[in-house]
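*Asks:* Got a sequence here, can you build the structure:
(2 chains)
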Amino acid sequence: GQSLEQPSEVTAVEGAIVQINCTYQTSGFYGLSWYQQHDGGAPTFLSYNALDGLEETGRFSSFLSRSDSYGYLLLQELQMKDSASYFCAVYGAAGNKLTFGGGTRVLVKP
Amino acid sequence: DAEITQSPRHKITETGRQVTLACHQTWNHNNMFWYRQDLGHGLRLIHYSYGVQDTNKGEVSDGYSVSRSNTEDLPLTLESAASSQTSVYFCASSEDGDSPLHFGNGTRLTVT
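*Replies:* Now for the predicted structure:
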């Protein structure tokens, strides 16, 4: 089976940097994805790491260490619109289906 | 533009009734998935399909069924609705392999 752990909630102020950690246990591993979900909305894709290292997309970056079964999402220059839930998710042995973590609620304050 | 649509957006039903939630995608994706989302549990996989006539059970499949008769649609059926199935249901599709998931806007189901 697969399990993922991430913090339940993080609070930060506008302009700050937030790091959301994700540790996973899986019987096979293809890659780690991150999704964003605003209240009442659908999850939307943010990033995907299949190899070790840092992937940068604008203000958001995602990191993966396969040897440590660990990844993180880095949110920089936080804006009010970044208030949302963030989910890490793994592609396991089957490759084609995602298993999601419980989500981290990020609250950005003025 | 390609999209994935779910209907209805909201549904209230009674315990014991059969309910079907619709999911239609125009991405021409092979892979389709149904997840349920409950507070504290994130998104949990119910059923998934890798193509026409293919269906597979996810981690919380009891009490649910799906069928895939064409590429575009993957309806989710609750055979006999239970209060524990009150949840928000999301349908998603992906092209193949580890491609990103495209989610529908969800169906909020209440079983009374």
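
*Asks:* And the strands in the chain, which stretches?
*Replies:* Just going to use chain A. For chain A, the strands defined by DSSP state E occupy A:3-5, A:9-13, A:18-25, A:31-37, A:44-49, A:53-57, A:60-65, A:70-75, A:84-91, A:98-100, A:104-109.

*Asks:* if you could check chain B rather than the one you did, that'd help
*Replies:* B:4-7, B:10-13, B:19-25, B:31-38, B:42-51, B:54-57, B:64-66, B:76-78, B:87-94, B:102-103, B:107-111.

*Asks:* I'd like to know how many residues surround residue 41.
*Replies:* Since you didn't name a chain, this refers to chain A. For A:Gly41, the neighbour count with other CB atoms under 10 Å in any protein chain shown is 13. Backbone N, C-alpha and C define where each C-beta goes, glycine included.

*Asks:* hm, I was asking about chain B
*Replies:* By other CB under 10 Å, the residues close to B:His41 number 13.

*Asks:* How much space separates it from chain A?
*Replies:* Counting by CB to the nearest CB, to the nearest Å, the gap from B:His41 to chain A is 6 Å.

*Asks:* show me the residues around the closest residue in space to that residue that isn't next to it in sequence that make contact.
*Replies:* The shortest distance from B:His41 to any non-neighbouring residue, by CB to CB, 6 or more residues apart in numbering or on different chains, is to A:Gly102 (6.4 Å). Taking CB atoms under 8 Å, 6 or more residues apart in numbering or on different chains as the criterion, A:Gly102 is in contact with A:Leu4, A:Glu5, A:Gln6, A:Ser8, A:Phe87, B:Gly40, B:His41, B:Gly42.

*Asks:* Filter those down to just the buried residues.
*Replies:* Buried members of those, counted by 16 or more other CB atoms under 10 Å in any protein chain shown: A:Leu4, A:Gln6, A:Phe87, B:Gly42.

*Asks:* Reformat those residues as JSON lines; add pLDDT.
*Replies:* As requested, the buried ones among the contacts of A:Gly102 are exported to JSON lines (pLDDT from 0 to 100):
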{"residue": "A:Leu4", "pLDDT": "93"}
{"residue": "A:Gln6", "pLDDT": "96"}
{"residue": "A:Phe87", "pLDDT": "97"}
{"residue": "B:Gly42", "pLDDT": "88"}
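
*Asks:* which of those lies closest to B:Ser65?
*Replies:* Of all these, B:Ser65 sits closest to B:Gly42, with 22.8 Å by CB to CB.

*Asks:* Quickly list what B:Arg108 is bridged to.
*Replies:* Beta bridges link B:Arg108 to B:His10, B:Val88, judged by DSSP bridges.

*Asks:* That one: how many residues sit nearby?
*Replies:* For B:Arg108, the neighbour count with other CB under 10 Å is 15.

*Asks:* likewise A:Tyr70?
*Replies:* Residues near A:Tyr70, counting by other CB under 10 Å, number 15.

*Asks:* The most centrally placed residue in chain B: what's it in contact with?
*Replies:* Compute the mean C-alpha point of chain B, and by CA atoms, centre = their mean the closest residue is B:Trp34, 3.1 Å away. Residues near B:Trp34 by CB under 8 Å, 6+ apart: B:21, B:23, B:45-48, B:58, B:64, B:66, B:74, B:76, B:89-92.
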